[in-house]
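J.: Sequence and predicted structure are below.
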Amino acid sequence: MSHFYAMMSRMKYIERWALMRNSERENISEHSLEVAMLAHALALLGNCRLGKNYDAQRAAVIGIYHDANEIITGDMPTPVKYYSREMQDLFHSIEDQASRSLLQLLPEDLRKEYEAIFFPAQGEEELWRLVKAADKISALIKCVEEEKAGNREFESAKKSVEAAIRAMHVPEAELFLDEFLPSYQRNLDELSVGQ
């Protein structure tokens, strides 16, 4: 008997943005779906517009599982996680241990397949950077949505997340921010008529 997929289903119970007042709650299951879609989009932008050769489906799958270790660790608030270099290193180690614990729940014949999803393979650094950029874009979208709902709690986060995305120097992310992010400011009627 394997408990892996039952554990994965618990992503819906882990809430994000714990230190912030949210007008709409978000769990890591919802977030992971959005990251998967965004990572896929960034890979396609790279392939279609920048002459890259990304495996867009692999980017999406990595996005699905990118926060799975939070089933064990919970969603560590950004101010805590990035408090110091020592804290970042320690938490990265904890995340790795949590991922390895989850992988141990798989039957041995599937474990190697999932290791390649949970941990970067050599030569895939650029693909994983896209997933990281997608993760940050998802956070930026959350900030935009909260702002649209009249919640000023996310104003500073919005500025810092957008600056962090720009500082990554990922051309695919820049393309997404310039071409697709403005639509998140619009309401349903505006999106429906393509204004």
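T.: Yes, it's here.

J.: What is the lowest-mean-pLDDT helix or strand in the chain packed up against?
T.: In the chain, the helix or strand scored least confidently by mean pLDDT, DSSP states H and E is helix 78-81, which has a mean of 71. Using 3 or more CB pairs under 8 Å, 6 or more residues apart in numbering; DSSP states H and E as the contact criterion, the secondary-structure elements in contact with helix 78-81 are helix 85-103. To be clear about C-beta, it is placed using only N, CA and C from the backbone, and glycine gets the same treatment.

J.: buried set for the helix or strand just after the helix it packs on?
T.: From helix 85-103 onward toward the C-terminus, using DSSP states H and E, the following helix or strand is helix 108-118. By 16 or more other CB atoms under 10 Å, the buried positions in helix 108-118 come out as 114, 117-118.

J.: now the spatially most central residue of the chain, nearest residue through space, not along the chain?
T.: Ranked by distance to the mean C-alpha position of the chain (CA atoms, centre = their mean), the top residue is residue 135 at 2.7 Å. By the measure of CB to CB, 6 or more residues apart in numbering, the closest residue to residue 135 outside its immediate chain neighbours is residue 35, 5.2 Å from it.

J.: May I ask which helix or strand encompasses that neighbour?
T.: Residue 35 belongs to helix 28-50 when elements are defined using DSSP H and E.

J.: Please apply the same query to residue 24.
T.: Residue 24 is located outside every helix and strand, with elements delineated by DSSP H and E.

J.: Was I right to think it contacts residue 147?
T.: No. Using CB atoms under 8 Å as the test, residue 24 is too far from residue 147 to be in contact (11.8 Å).

J.: do you know how far the nearest residue to residue 10 once chain neighbours are set aside is from residue 189?
T.: Of all residues beyond its chain neighbours, the one nearest residue 10 is residue 71 (5.2 Å), with distances taken as CB to CB, 6+ apart. When CB to CB, to the nearest Å is applied, the distance between residue 71 and residue 189 equals 38 Å.

J.: Just want to know which of these two has more residues nearby.
T.: Counting neighbours by other CB atoms under 10 Å for residue 71 and for residue 189 shows that residue 71 has the greater number, 20 against 8.

J.: Can you name the residues that contact the more buried one?
T.: When contacts are counted by CB atoms under 8 Å, 6 or more residues apart in numbering, residue 71 touches 7-8, 10-11, 14, 28, 98, 102.

J.: Now pLDDT too, for those, in a markdown table please.
T.: Listed next are the contacts of residue 71 as a markdown table, based on pLDDT from 0 to 100:
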| residue | pLDDT |
| --- | --- |
| 7 | 97 |
| 8 | 97 |
| 10 | 97 |
| 11 | 96 |
| 14 | 94 |
| 28 | 96 |
| 98 | 95 |
| 102 | 97 |
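
J.: Out of those, which is nearest to residue 48?
T.: Minimum separation from residue 48 among the contacts of residue 71 (CB to CB) is found for residue 28, which lies at 29.4 Å.
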